[in-house]
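Enquirer: need a 3D model of the following:
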Amino acid sequence: MAIDVVDLGRVDLNLLVHLDALLTERSVTRAAARVGIGQSAMSHNLARLRELLDDELLTRAADGMRLTPRAVTLLEPVRSALAQVEAVLLREKTFDPATAVRTFRLSLSDSMEILIVPRLLARMREIAPGIHLRLYNVDMSRLLDDLDADALDLALAYGPIQQGQLHHKQRVLFTESFLCMFNAEKTGVTPPISLEVYVRLPHVLTSLKPDRSVRGFVDDALDELGLHRTIALTTPRFLTVPHLVAQAPVIVTMGARLARRFAADLGLSLSPPPVKVKDVSVSLLWHASYDHDPAHVWMRDQLVQLVGEL
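Expert: Below is the predicted model:
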């Protein structure tokens, strides 16, 4: 499609930067601070944008400023357009990890942190000492919103993420199977564990769901058999689970990689689940605006390589 250079010439492309700030912050004051101009200048730019786009863009409401329907549709196109301009004009075409200085913001669960980050940190210190890793707890309720808001560079999540849109890129890193872990002395049970004992023992459940659900994939498998288990404790933290299991007559069903590591460290017993539990994939997520960013591509490749070594 040919570009209408005459019509486009009427537009100050700096307004795109200000429009992105206004749509993201939903506040003239915060948008002005975001781009480093005065509030009156941002108000003037908002007026220009309203005239240019023939839309109010931001309207006052009891809880602050709200985006108009037209403004909502502009969020992603504007951000993608700015990202492409930045990629063409500002970002280096090559990336040298040995000299690069950059922060990567990574969202992941503590289980993924245990499995991947120690090796990742060691590699960064060896080949990219100027790279800073900033880790965040994964919040599945707002993960995609955080990627859209450029609050994260990458995320590791159990998936795939079905509600993602075209600009939410995903790559499956690996598939995880499951094992039961328990203290044979505390439970009085030796592997392999039977279905009868599995249902009788109280369970520890690890759940990252924001709705505080006390159900997991095991409950779905038991439902098909008309069975029910007792949940003794629910936690969002994988790190505490092995210590809970070591000290109490309980059982947990968890990812096989971590289960083997914890069992070896704490002298716990392992057994295949006596119910059919589907394997789960772990995916790497990012925003499409970083598809061709050399540093971002490099970091994604590092994660893929490290996972391949697990």
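Enquirer: from now on I want contacts and neighbour counts done on CA atoms only, so please keep to that.
Expert: Noted.
Enquirer: check contacts around the residue nearest to P272 when sequence neighbours are not counted.
Expert: Of all residues not flanking P272 in the chain, L179 sits nearest, at 5.0 Å (C-alpha to C-alpha, 6 or more residues apart in numbering). Counting by C-alpha atoms under 8 Å, 6 or more residues apart in numbering, L179 touches 253-256, 259, 270-273.
Enquirer: list just the nearest of these to S281.
Expert: S281 has its nearest neighbour among the contacts of L179 in G255, at 10.8 Å by C-alpha to C-alpha.
Enquirer: so what pairs up with the closest one in the strands?
Expert: With DSSP bridges applied, G255 shows beta-bridge pairing to F178.
Enquirer: the residue lying closest to H167 once chain neighbours are set aside: neighbour count?
Expert: Excluding the flanking residues, the one nearest H167 by C-alpha to C-alpha, 6+ apart is A288, at 4.8 Å. Using other C-alpha atoms under 10 Å as the criterion, A288 is surrounded by 17 other residues.
Enquirer: how far away is A288 from N45?
Expert: Separation of A288 from N45 (C-alpha to C-alpha, to the nearest Å) stands at 28 Å.
Enquirer: same deal with E224?
Expert: Taking C-alpha to C-alpha, one finds E224 at 60 Å from N45.
Enquirer: report how many residues lie close to the nearest residue to P294 once chain neighbours are set aside.
Expert: In this structure, P294 finds its nearest non-sequential neighbour in F95, 5.7 Å apart by C-alpha to C-alpha, 6+ apart. Neighbour count of F95, defined by other C-alpha under 10 Å: 15.
Enquirer: for D139, see how far away F95 is.
Expert: Separation of F95 from D139 (C-alpha to C-alpha): 30 Å.
Enquirer: can you check R215 too?
Expert: 18 Å.
Enquirer: for L258, same thing?
Expert: From L258 to D139 the distance is 21 Å (C-alpha to C-alpha).
Enquirer: show me the contacts for the most centrally placed residue in the chain.
Expert: The residue lying closest to the centre of the chain (C-alpha atoms, centre = their mean) is A155, at 3.2 Å. Under the criterion of C-alpha under 8 Å, 6+ apart, the neighbours of A155 are 106-108, 138, 143, 284-286.
Enquirer: do the same with A184
Expert: A184 makes contacts with 190, 268-269, as judged by C-alpha under 8 Å, 6+ apart.
Enquirer: out of those residues, who's the most crowded?
Expert: S269 (23 neighbours).
Enquirer: what does the helix or strand A81 falls within rub up against?
Expert: Here A81 sits within helix 69-89, counting by DSSP states H and E. Residues outside helix 69-89 that contact it (C-alpha under 8 Å, 6+ apart): 16-17, 19-20, 23-24, 55, 57-58, 148, 288-290, 292-293.
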